[in-house]
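In: give me coordinates for this.
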Amino acid sequence: MKRIELDTGVARQLCYSEPPWFSAFVEMAGHGWSFHLTEIAVSELIAALYRGSISEEQWKEGIMRLEVILGKIFPTLPGKRDLFHLCGLIDEEDPNKEFLSEEFLAAYSIAMWEVMKTPLPEPNVEIRIFFRAEGKTFSAPFRPEQASIELTRERSKWIEEMTQEPITNFDYEKSVINSKRNFDSWAKTDGLPMSLKGDILAHARAEWERRLANGYNASSGKRKNDGIDFLLNFTFMWPALLVTTDQNLRNFIRGLKSYQAGWIFFPQELASVWIAGNLAEPDWST
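Out: Below is the predicted model of the structure:
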């Protein structure tokens, strides 16, 4: 499946100028590869716009370039729970399952991208996003400050989860096995097990537990985005490649013992692999 997720830094580069790799991305889009903004990228871009680190003119330039390459379906990618359902999670008891179908999630994604293409509302002003799916019209609230609130919430959840007594007698392989077992115990699918689709999540989790066993401090100011970066591992489940400008993130993922570890690239790196004719589609069976 020719899917590529774009991290925040990649999208921000497109706000400032047209990078050398952009023409290769345009060519890839013309050859069946679909690009998508991660949910984290959407939140961080909106937050950056409203705090002034991206100007309105830069925002328009970035949106204009992204419009050329983003997929017509799912220009923005849903978050964790929604992404699980896109990857085949079956949960008949979920009271919100009506809002988790692929058609519903795709319609919301397209509507959200349309909002980003138009002048965004003033701070503290709520607008409604309208879209149709499965023969019905739906609406959802949108407030620009919600992006920063969501990012802060995810950072706090990570700190809470990772602030505990150091793990003793840590065993990496046992951690991976336990994570996969827990994964499959609740994430039922109609095909390949979720532990295979999300293999990298188990390995990323084990690596963070290893660091926790060695004194990792999630509350450190230098580590404030670790939880945000961890969420990007979920994009590989779709399956999809991930493009980032974050060297630490790329090195972290490339260093994991997962078959999906090679699915992350710098923008120019991805362009070069594509031009050389060596870019393989992400596949759960590899």
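
In: which pLDDT does the model give the residue lying closest to Val42 once chain neighbours are set aside?
Out: Using Cβ to Cβ, 6 or more residues apart in numbering and skipping the chain neighbours, the partner closest in space to Val42 is Thr76 (5.2 Å). (Glycine included, C-beta is placed from N, CA and C.) Per-residue confidence (pLDDT) for Thr76: 96.

In: just list whatever residues bridge to Thr76.
Out: According to DSSP bridges, the residues that bridge with Thr76 are Leu37.

In: what about the residue of the chain most remote from its centre, distance to Glu209?
Out: Most distant from the centre of the chain: Asn169, at 32.4 Å, with distances by Cα atoms, centre = their mean. Distance check for Asn169 against Glu209: by Cβ to Cβ, to the nearest Å, it reads 12 Å.

In: same question, Leu6
Out: 29 Å.

In: what does Leu249 give?
Out: 18 Å.

In: next one: Tyr172
Out: On the measure of Cβ to Cβ, Tyr172 and Glu209 end up 8 Å apart.

In: so for these two, which residue has more residues nearby?
Out: With neighbours defined as other Cβ atoms under 10 Å, Tyr172 and Glu209 compare such that Glu209 has more, 20 against 14.

In: leaving out chain neighbours, which residue sits closest to the more buried one?
Out: Ser175 (5.3 Å).

In: again with Phe170
Out: Ala213 (4.0 Å).

In: look up how far Ala41 lies from the residue nearest to Thr168 when sequence neighbours are not counted.
Out: Once flanking residues are discounted, Thr168 sits nearest to Ala213: 7.1 Å by Cβ to Cβ, 6+ apart. If you measure Ala213 against Ala41 using Cβ to Cβ, the figure is 31 Å.

In: quick one: which of those two has more around it?
Out: Legend: neighbour count by other Cβ under 10 Å for Ala213 and Ala41, higher for Ala41 (23 against 16).

In: right, and the helix or strand after the strand or helix carrying that one?
Out: Ala41 belongs to helix 39-51 when assigned by DSSP states H and E. Counting by DSSP H and E, the element after helix 39-51 in chain order, helix or strand, is helix 56-69.

In: average model confidence for stretch 248-262?
Out: Mean predicted lDDT for stretch 248-262 stands at 96.

In: what does it contact?
Out: The contact list for stretch 248-262 (Cβ atoms under 8 Å, 6 or more residues apart in numbering) reads 7, 176, 199-200, 202-204, 207, 229, 232-233, 236, 239, 242, 244, 263-266, 282, 286.

In: just the ones of these in helices?
Out: Val176, Asp199, Ile200, Ala202, His203, Ala204, Glu207, Asp229 (DSSP state H).

In: burial of Ala48, as a residue count?
Out: Ala48: 19 neighbours (other Cβ under 10 Å).

In: next: Ile73.
Out: For Ile73, using other Cβ under 10 Å, the count is 14.

In: what about the residue nearest to it when sequence neighbours are not counted, distance to Glu57?
Out: Using Cβ to Cβ, 6+ apart and skipping the chain neighbours, the partner closest in space to Ile73 is Ala106 (5.2 Å). Ala106 sits 30 Å away from Glu57, going by Cβ to Cβ.

In: in the stretch 151-286 of the chain, where is pLDDT below threshold?
Out: 165-166, 190, 286 (pLDDT under 70).

In: can we see that at 90?
Out: 160-170, 182-195, 198, 209, 212-224, 284-286 (pLDDT under 90).

In: and the host helix or strand of Trp158, which residues are buried?
Out: Assessed by DSSP H and E, Trp158 sits inside helix 146-162. Within helix 146-162, the residues that count as buried by 16 or more other Cβ atoms under 10 Å are Ala147, Ser148, Glu150, Leu151, Glu154, Arg155, Trp158, Ile159, Met162.
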